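Asks: after the sequence you'll find the predicted model.
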Amino acid sequence: MTNTTYTNPSDHVQLRDLLFVACITETRVRERVKELGTMLTEDFKDKNPLFISILSGAFVFAADLIRAFDGTCEVGFVRLASYAGTHSTGSVQTVMGLEKEIKNRHVIVVEDIVDSGRTLHFFLDYLREQQPASVCTVAFLRKPEALVFPVRVDYVGFDIDDRFVVGYGLDYDGLGRNLPGLYQLVS
Ligand code: 5GP
Ligand code: MG
């Protein structure tokens, strides 16, 4: 993914003051999400899992992931925020809490990207207090070099470089969530 030179201007997207270049195609994203859905189906098919999508960024991934899951399931949402612009603020805020009962449920936490791991770490602590039957984590993206908090990600779509990305639900100042592939900041 790194060291690739893009010459086609359609591989670039300008969002406000920043320029981004394509790094994972829509086709590859679709394939990988199907694979993750198949893995989750094998592991949770008869468990009626509760997918909890961390908003806002994970909503696109979660929508595709639950449709790649072949079994009964339920979906809940929680809204956590830690980013402002292209940088982490260093604290996690719960903007909207969970309305689903999770005691004795098999919970699958769906995150868009694990960067420092702070968001997931914070949320997993909270979840464990609610006594679920089991908790696992699935992240569309992970930046291994940026990890600071010790969180286990059970299912990972793609490991990427430590660069700011947009697309497939991820935004820059509210823009870029509708891009069907992934784009990386050109520095
Ligand atoms: P963490 O708490 O792991 O440091 O960061 C997780 C959250 O920060 C993600 O759920 C996402 O909302 C945001 N984030 C981290 N890296 C990026 C990035 O490269 N692009 C965008 N758009 N958001 C990011
Ligand atoms: Mg997120």
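Replies: On my side now, so go ahead. Ligands and ions are numbered 1, 2, ... in the order given.
Asks: where is the longest helix in the protein?
Replies: helix 26-44 (DSSP state H).
Asks: got a list of contacts for it?
Replies: Residues from elsewhere that reach helix 26-44 (CB atoms under 8 Å, 6 or more residues apart in numbering): 49, 61, 64-65, 67-71, 73, 106, 108, 136, 138, 140, 155, 157-158, 168, 180-182. Bear in mind the C-beta positions are built from the backbone N, C-alpha and C, glycine included.
Asks: do stretch 143-154 as well
Replies: Contacts of stretch 143-154 (CB under 8 Å, 6+ apart): 111, 113-118, 120-121, 124, 136-139, 142, 159-162.
Asks: buried residues, stretch 121-132. List them.
Replies: Across stretch 121-132, burial judged by 16 or more other CB atoms under 10 Å covers 122-124, 127, 132.
Asks: tell me the one of the residues you listed nearest ligand 1?
Replies: Nearest to ligand 1, judged by CB to the nearest ligand atom, of the buried residues of stretch 121-132 is residue 122 at 7.7 Å.
Asks: the closest one: which element?
Replies: Element membership of residue 122, judged by DSSP states H and E, is helix 118-129.
Asks: any low-confidence regions in this structure?
Replies: Residue ranges of the chain with pLDDT under 70: 1-9, 82-90, 93-96.
Asks: identify the residues contacting the nearest residue to residue 182 once chain neighbours are set aside.
Replies: Among residues not flanking residue 182 along the chain, residue 24 sits closest, at 4.0 Å (CB to CB, 6 or more residues apart in numbering). Contacts here follow CB under 8 Å, 6+ apart; on that basis residue 24 touches 1, 158, 160, 181-182.
Asks: from residue 144, how far off is residue 24?
Replies: 16 Å (CB to CB, to the nearest Å).
Asks: likewise for residue 73?
Replies: Distance from residue 73 to residue 144, by CB to CB: 29 Å.
Asks: of those two, give the one with the bigger neighbour count.
Replies: Taking neighbours as other CB atoms under 10 Å, residue 73 and residue 144 compare with residue 73 leading, 19 against 12.
Asks: so that one touches residue 52, yeah?
Replies: No - the criterion here is CB atoms under 8 Å, and residue 73 misses it with residue 52 at 11.0 Å.
Asks: so where do the strands sit in this protein?
Replies: Ranges of strands within the chain are 12-15, 18-24, 50-55, 74-84, 87-96, 106-114, 134-142, 155-159, 165-166, 182-185, based on DSSP state E.
Asks: show me what from this protein comes close to ligand 1.
Replies: Counting by CB under 6 Å from any ligand atom, the residues of the chain close to ligand 1 are 57, 82-83, 88, 111-119, 164-166, 170-171.
Asks: up against ligand 2, what does the chain have?
Replies: Counting by CB under 5 Å from the ion, the chain comes close to ligand 2 at 54, 57, 112.
Asks: which residues touch residue 100?
Replies: 50, 52, 74, 76.
Asks: thought the last one was touching residue 98?
Replies: What it means is residue 76. Yes - contact criterion CB under 8 Å: residue 76 and residue 98 qualify, at 5.7 Å.
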